[in-house]
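Peer 1: Okay, sequence plus prediction incoming.
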Amino acid sequence: MHSFCDNQLDPMDYSLYIFDMGNVVIKNIHVIEKIAAQYGLPHDELADDYGKYNFPLMDGTVSSEVYWRHVEVLFGTKIHGDPLVDFFKPVWNPPMVALIKHLKAHGKRVVCGSNTYAPHWDYMRGQGFLAPFDCCYASHEMGITKPTRQFFEYILRSEGKSNVDTFFVDDYEENVVAARKLGIATFHYVDDPNFSGEEKIKRLFGSQLF
């Protein structure tokens with residue numbers, strides 16, 4: 001098996017495939033730099049503050065409305081609407097869309113497991129980005145985020161699958177490591193000095209996909 005993939009089985013031998021969404025199935029997801037520029041805020045300070053609220057936003061314990069009121073007080077700037085949505089303009093990542101179609105054509109169950117926010121999720125649903133999946137699991141609806149083991153266990157339990165039945169794709173190493181510790185087969189979708197993420201997918205699943 002290729003060094004970028006830890007699995008012992010053929011990648012088509014699993015029955016459940018879990019895909020992360022951002023920077024895997026969709027691209028162009030980052031918004032903080034755009035928001036900082038629009039409102040004349042110091043990017044590094046906004047990014048640092050946002051990082052402190054990222055997981056509470058994703059597990060649904062803090063709403064985007066509450067966060068932007070906090071930003072208004074912190075920076076003394078009036079924020080209009082919900083910039084997390086207003087500047088969120090995702091686009092499809094064609095290689096991953098092709099892979100999902102390939103898996104489903106071979107009778108595989110394909111689901112999404114995403115750390116996300118309610119406004120982003122609603123936007124993606126409205127734009128059809130959730131349509132390729134048989135089912136979608138969003139952190140803010142589950143009240144759980146990756147890389148906790150509970151996130152993966154929730155999906156496995158809901159799907160009625162075991163760890164050995166499952167293949168997981170994500171761009172964050174900590175999420176891949178967490179899944180691997182549970183015995184889930186993993187693929188780290190990221191560019192490295194030797195291969196791009198797309199090249200890795202071609203080598204693993206076959207170049208005929210693209």
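Peer 2: Cool, got the structure. Please read these numbers as outputs of a predicted model, since none were measured by experiment.
Peer 1: rest of the way, CA atoms for contacts and neighbours
Peer 2: OK.
Peer 1: for the longest helix along the chain, packing partners?
Peer 2: Secondary structure of the chain read by DSSP state H shows that its longest helix is helix 43-58. Using 3 or more Cα pairs under 8 Å, 6 or more residues apart in numbering; DSSP states H and E as the contact criterion, the secondary-structure elements in contact with helix 43-58 are helix 32-39, helix 139-142.
Peer 1: For this protein, name the helix or strand with the lowest mean pLDDT.
Peer 2: Lowest mean confidence among the helices and strands of the chain (mean pLDDT, DSSP states H and E): helix 197-205, at a mean of 88.
Peer 1: Just the C-alpha atoms of that helix, please, in CSV.
Peer 2: Written as CSV, here are the backbone C-alpha positions of helix 197-205 (Å, rounded to 0.1, in the frame of the first residue of the first chain):
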residue,chain,number,x,y,z
GLY,A,197,-3.8,15.3,-3.0
GLU,A,198,-5.3,14.6,-6.4
GLU,A,199,-2.3,12.5,-7.5
LYS,A,200,-2.6,10.4,-4.3
ILE,A,201,-6.2,9.7,-5.0
LYS,A,202,-5.4,8.7,-8.6
ARG,A,203,-2.7,6.3,-7.3
LEU,A,204,-4.9,4.8,-4.7
PHE,A,205,-8.2,4.4,-6.5
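Peer 1: Now do the strand or helix carrying residue 169: everything it contacts.
Peer 2: Residue 169 belongs to strand 166-170 when assigned by DSSP states H and E. Under the criterion Cα atoms under 8 Å, 6 or more residues apart in numbering, residues 11, 14-20, 24, 176, 179, 184-189 lie in contact with strand 166-170.
Peer 1: quick one, helices of this structure?
Peer 2: Counting by DSSP H, the helices of the chain are 32-39, 43-58, 64-75, 83-86, 94-105, 118-126, 139-142, 149-159, 173-181, 197-205.
Peer 1: Okay, buried residues for the fourth one please.
Peer 2: I take that to be helix 83-86. Within helix 83-86, the residues that qualify as buried by neighbour count (16 or more other Cα atoms under 10 Å) are 83, 84, 85.
Peer 1: and the gap between the residue sitting furthest away from the middle of the chain and residue 45?
Peer 2: Using Cα atoms, centre = their mean, the residue of the chain lying farthest from its centre is residue 76. It sits 32.1 Å away. From residue 76 over to residue 45 the distance is 13 Å, taken as Cα to Cα, to the nearest Å.
Peer 1: Could you report the neighbour count for the residue lying closest to residue 185 once chain neighbours are set aside?
Peer 2: The shortest distance from residue 185 to any residue other than its chain neighbours is 4.7 Å, reached at residue 167 (Cα to Cα, 6 or more residues apart in numbering). Counted with other Cα atoms under 10 Å, the neighbours of residue 167 add up to 24.
Peer 1: Equivalent analysis for residue 49, please.
Peer 2: Burial of residue 49 is recorded as 15 neighbouring residues (other Cα under 10 Å).
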